[in-house]
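>>> using only what follows, build the 3D model:
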Amino acid sequence: MRENTLKEKIMIKAVELFSEKGYYGTSIREIANAVECSLPMLYYYFKNKNDLYEEIAYVEFIRINDRLRSELPKQEHIKEIYTQYVLQRKNLSEYEKSVYKLALKAWMRTEGNTEIQIKLKQWEESRIEYSRSLLGKHWGQSHACELLVSIFIRLLENMVDKLVLINEDIPEEQIRSEIYMIFEYGAILAEKSAVK
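Alright, predicted model coming up:
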């Protein structure tokens, strides 16, 4: 995010305060004071605290993910695309990691409201369905391959959670090795399923 507009400055400060104090522990007045703008000016951009939180935990989160998806290599093997997907999240800025964390809190319904949670769940379901479709085309549609797709999606989620939520430093080589190993196993499984 560029730090050149008042709206962006409000969002950056709000991410810091929501991350530090939580949704319920942060007041809209605190955010306005931190940005050094008046409440009416803040309300010009955001109707209320929930509107601001939704802009961050949903809209900004989706914007970050859309940008990352557009930067993925298009002509690489699918295993390299998924490797880059994880590495992108390893290299997020602190601001982007904070947005991810706030989105997760909203998704888990520990902060924010039900509407944000529902939107995030729908986004997540469509993302998982897209991955299932893509991997199913690659590995096939046997029961064993469907299970492998589920395992692989959980592996990705676990890696991203560790990288983003707890800042675990998983080495790039380990990320690559684990993803490539699943694809090697998937190729063997798909071949065996095709023979039957």
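>>> okay, CA-based contacts and neighbour counts for the rest of this
OK.
>>> isn't T83 up against S177?
No. The criterion here is C-alpha atoms under 8 Å, and T83 misses it with S177 at 9.2 Å.
>>> more neighbours: these two, which one.
Looking at T83 and S177 with other C-alpha atoms under 10 Å, you find the greater number of neighbours at T83, namely 21 against 13.
>>> that one: which element?
According to DSSP states H and E, T83 maps onto helix 78-90.
>>> what average pLDDT does that helix get?
In this model, helix 78-90 has a mean pLDDT of 96.
>>> other residues contacting that helix?
With contact meaning C-alpha atoms under 8 Å, 6 or more residues apart in numbering, helix 78-90 is reached by 68-69, 72-74, 156, 159-160, 163-164, 169, 172, 175-176, 179-180, 183.
>>> how about stretch 101-116?
15, 18-19, 22-24, 50, 53-54, 56-58, 61, 117-118, 120-121, 164-165.
>>> one step back: hmm, which of the contacts of helix 78-90 are the buried ones?
L72, L156, M159, V160, L163, V164, I175, R176, I179, Y180, F183 (16 or more other C-alpha atoms under 10 Å).
>>> for this protein, give me the ranges with low pLDDT.
1-4, 194-196 (pLDDT under 70).
>>> now the helices for it?
Listed in chain order, the helices found in the chain under DSSP state H are 6-25, 28-35, 39-45, 49-54, 61-71, 78-90, 94-107, 114-139, 143-165, 172-195.
>>> please name the nearest non-neighbouring residue to the residue nearest the centre of the chain.
Centre of the chain computed as the mean C-alpha position; nearest residue by C-alpha atoms, centre = their mean is Y100, 5.5 Å away. The shortest distance from Y100 to any residue that is not its chain neighbour, by C-alpha to C-alpha, 6 or more residues apart in numbering, is 6.3 Å, and that residue is F61.
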